[in-house]
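>>> Whatever this is, show me its structure:
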Amino acid sequence: MINFRAGLSALLLTTTLGQPVFAADFSDPTWPCIQRKVERLSIGLMWPHPVEEAKIEGPTGEAVRDLAGALTLRRVSLEEAEARIAEFVGEHGAAEPLISQVFVRVFDQVARRRSTIMDGIADFSLGQIAQSERIEEARVEFDSLLNVENPDYDKLDSLEEQIDWDERIYIDRQKNLTYVCETPVLLEKRLFAIAQMLMQVVED
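Numbers count the residues shown, from 1 in each chain. Presented below is the predicted three-dimensional model:
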């Protein structure tokens, strides 16, 4: 019989992502990950410069938008991101307000993407809890049907097949949990790395 919370604890304790191991807190059913839940990122913790949105028109404004869009893409490696930043600076300069606007746009896009993923994790967790409860209820029904004087073995066979199928789905989904929980962390790491690259440009 599957115990969602106990099984999840065992699974999550195998993955730390190189981060401190946090005790899983199942008081929040929307967060099944061992990583500490951070609802929203703070731009001020990553970027020490003013972040007021400013309109940048013309070719420079278009270049800011293009660079920010590229930096948010995970398929763009950090090495390529660094090269794109250097190319941008070579063409448009490294004035702090200009570079700040690049990071503001990167931060907003990544934060929105991360928020969507966090919502997906909540749906995933609640779905797994519901699946676990269905399996438990079916197990109880199976035991009840088995203990009557003349069991209906056809019904028992059908119910057992359904339990086996539901358990297989549950386990298959659990295998994806490590990746699901890593994704917000990877986005945070990338955002911090990009902030460091851009700050280096401003400081230079």
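
>>> how about Asp108, secondary structure?
Secondary structure for Asp108, judged by DSSP: H, G, I helix; E, B strand; the rest coil, is helix.

>>> how deep is it tucked in, by neighbour count?
By other C-beta atoms under 10 Å, the residues close to Asp108 number 15. Backbone N, C-alpha and C define where each C-beta goes, glycine included.

>>> Same check on the one 3 residues further on?
The local packing of Ala111 (other C-beta under 10 Å) involves 17 other residues.

>>> And Phe107, by the same measure?
With other C-beta under 10 Å as criterion, Phe107 counts 21.

>>> could you show me where the strands are in the chain, in order?
All residues of the chain lie outside strands when identified by DSSP state E.

>>> Low-confidence stretches in it?
Low-confidence segments of the chain (pLDDT under 70): 1-26, 53-54, 203-204.

>>> mind running it again at 80?
Counting by pLDDT under 80, the chain shows low-confidence ranges at 1-27, 51-57, 203-204.

>>> Quick one: the helices in it, in order.
Secondary structure of the chain (DSSP state H): helices at 4-12, 58-72, 78-92, 96-146, 153-175, 177-203.

>>> Which one of those lies nearest to Pro48?
Closest to Pro48 of the helices of the chain, according to C-beta to C-beta: helix 177-203, at 7.5 Å.

>>> how far does that closest one sit from the chain's center?
Put simply, helix 177-203 sits 12 Å off its chain's centre (C-alpha atoms, centre = their mean, to the nearest Å).
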